[in-house]
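Chemist: task: produce atomic coordinates for the following.
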Amino acid sequence: MDGAMSGGALGIVVIGRNEGARLIRCLASIDMAAETVYVDSGSTDGSVEAARARGLQVVALDMTRPFTAARARNAGRAALSPGVRIVQFVDGDCAIQPGWLAAAQAALAEDPGLAAVFGRRREIAPEATRYNWLCDVEWAVPPGPARYFGGDVMLRAGALDAAGGYPDEMIAGEEPDLAHRLRAQSWRIACLPREMTLHDAAITRFGQWWRRTVRSGHAYAELADRHGGDYRRRCLGVAFWGAVVPVAGLAALAAGLIAGPGWLPALGGAILLLPLVQLLRLFRREARRRPLDEAMTLATFLMLAKPAQFVGMARYWRGRVGGRRSALIEYKGGAA
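Modeler: Numbering: from 1, shown residues only. Here you go, the predicted structure:
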């Protein structure tokens, strides 16, 4: 059985909040030979009862404290028995693919330098909406050495504990933060050429996609604040395309039209054309590897993401300067 592979006892931590049918699908995909803990963050849809009905240990987070996915994962890790040496984390809106647990454990057993492995996460219905499809594209990480991992990942318990676990206070970006600290301790991370989980984004409206993208901008800002490097450069790019270009272009255009010299409107128009030039550049890049309609969709949303991510960055820094943590940014409603 998957839970009995060599390399140490396996524990599984499932986290969820009002996932409904998605959680039922998740729990049905788990090999119950492995010790499994479900951590609930204030669900009101019967999720706790559904987990207990399957005989799982349930940890209900104290909702008088702000909850985060990071806090839930840490609580699940703490609830596992001392003999657990390997931990598979899985989000409650995901289903584990057959064979994944065995393949991931084997990879860790064969390479003692690996702290974490993950595989291909796919959207369960990428054709349902363009937003689901965008998530499916996002999950397509090339197999091989990796710098970061997402919510679904298998970790050595010892490496996880030595790195200090997930940062409880982060509302987004907690997985890359942990990955950064693992790599700082000379551990490696790998993406395996295996199917890992099916994810159900259930994004049907632009507003949901926008909130999810705002959350990613918040994560970029906090990761840049904590670790600098690549995330700082990413934040600069977001600020340029999401704020500097539109603000500068509109300001020059308005100033010229109201009272300025004649060249100011032309300058403003030229600046506002820069996003179109960047869109075409992204389209050409993506058209080399996917159909033209998909390339244009992806390029368009990559550009639309910049102002949303800038909003998330601004939200982080507003809280940072004001000494208050940002509230959780949720994009998905409860499942039926």
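Chemist: just grab the bridge partners of residue 120 for me.
Modeler: Counting by DSSP bridges, residue 120 is bridged to residue 195.
Chemist: mind checking how far it is from residue 199?
Modeler: From residue 120 over to residue 199 the distance is 10 Å, taken as Cβ to Cβ, to the nearest Å. Where you see a C-beta, it was placed from the backbone N, CA and C, and this is true even at glycine.
Chemist: give me the common contacts of the two.
Modeler: Common contact partners of residue 120 and residue 199 (Cβ atoms under 8 Å, 6 or more residues apart in numbering): residue 139.
Chemist: settle it for me: which of those two has more neighbours?
Modeler: Neighbours per residue, other Cβ atoms under 10 Å: of residue 120 and residue 199, the larger number sits with residue 199, 25 against 19.
Chemist: contacting residues for the more buried one?
Modeler: Listed by Cβ under 8 Å, 6+ apart, the contact set of residue 199 reads 91, 93, 94, 121, 122, 123, 124, 135, 139, 152.
Chemist: then residue 25?
Modeler: Each residue near residue 25 by Cβ under 8 Å, 6+ apart is listed here: 95, 200.
Chemist: just confirm it is within a helix.
Modeler: Yes: the assignment for residue 25 is a helix, going by DSSP: H, G, I helix; E, B strand; the rest coil.
Chemist: and the gap between it and residue 16?
Modeler: Noted for residue 25: a distance of 11 Å to residue 16, by Cβ to Cβ.
Chemist: any idea how far residue 148 is from residue 183?
Modeler: With Cβ to Cβ as the criterion, residue 148 and residue 183 are 9 Å apart.
Chemist: need the residues touching each of the two.
Modeler: Residues touching both residue 148 and residue 183 (Cβ under 8 Å, 6+ apart) are residue 189.
Chemist: between those two, tell me which one has more neighbours.
Modeler: Set side by side, residue 148 and residue 183 show unequal neighbour counts under other Cβ under 10 Å, the larger going to residue 148 at 21 against 17.
Chemist: so who does that one touch?
Modeler: With contacts defined as Cβ under 8 Å, 6+ apart, residue 148 is in contact with 175, 176, 179, 180, 189.
Chemist: poorly predicted segments of this protein, please.
Modeler: When residues are selected by pLDDT under 70, those of the chain lie in 1-8, 333-336.
Chemist: tell me the domain boundaries of it?
Modeler: The chain breaks down into these structural domains: 2-203, 222-322 (assignment by automatic domain parsing).
Chemist: now tabulate those domains in JSON lines and tack on distance to residue 329.
Modeler: Shown next, in JSON lines, are the domains of the chain (distance: least, Cβ to Cβ, whole Å):
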{"stretch": "domain 2-203", "distance to residue 329": "6"}
{"stretch": "domain 222-322", "distance to residue 329": "7"}
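Chemist: who wins for proximity to residue 211 among the ones you listed?
Modeler: domain 222-322 (8.3 Å; Cβ to Cβ).
Chemist: the closest one: how far from the chain's middle?
Modeler: Relative to the centre of its chain, domain 222-322 is centred 22 Å away, using Cα atoms, centre = their mean, to the nearest Å.
Chemist: residue 245: how many residues sit nearby?
Modeler: Applying other Cβ under 10 Å, we find 19 residues neighbouring residue 245.
Chemist: I'd say it and residue 270 touch.
Modeler: No: under the criterion of Cβ atoms under 8 Å, residue 245 makes no contact with residue 270, lying 10.8 Å away.
Chemist: about what we covered before: from the contacts of residue 199, which ones fall inside strands?
Modeler: Of the positions in those, 91, 94, 121, 122, 123 sit in strands, assigned by DSSP state E.
Chemist: wait, what's in contact with the second one?
Modeler: With contacts taken as Cβ under 8 Å, 6+ apart, residue 94 has the following neighbours: 26, 121, 151, 152, 197, 198, 199, 200.
Chemist: the last one and residue 110, how far apart?
Modeler: Meaning residue 200. Here the distance between residue 200 and residue 110 works out to 32 Å (Cβ to Cβ).
Chemist: more neighbours: which of these two?
Modeler: With neighbours defined as other Cβ under 10 Å, residue 200 and residue 110 compare such that residue 200 has more, 23 against 10.
Chemist: and that one, what does it touch?
Modeler: Counting by Cβ under 8 Å, 6+ apart, residue 200 has contacts 22, 25, 93, 94, 123, 124, 125.
Chemist: cutoff 10 Å now
Modeler: Taking Cβ atoms under 10 Å, 6 or more residues apart in numbering as the criterion, residue 200 is in contact with 19, 21-22, 25-26, 91-95, 123-125, 128, 132, 135, 332, 335.
Chemist: again, but for residue 180
Modeler: With contact set as Cβ under 10 Å, 6+ apart, residue 180 has these partners: 147, 148, 163, 173, 223, 226, 227, 229, 230, 231.
Chemist: now the strands: where do they sit in the stretch 1-150 of the chain?
Modeler: Taking DSSP state E, counting those that start in this stretch as the test, the strands found in the stretch 1-150 of the chain are 9-16, 35-40, 57-60, 84-91, 94-96, 114-123, 144-146.
Chemist: for residue 307, which of those is the nearest?
Modeler: Shortest distance between residue 307 and the strands of the stretch 1-150 of the chain, using Cβ to Cβ, is found for strand 114-123: 24.4 Å.
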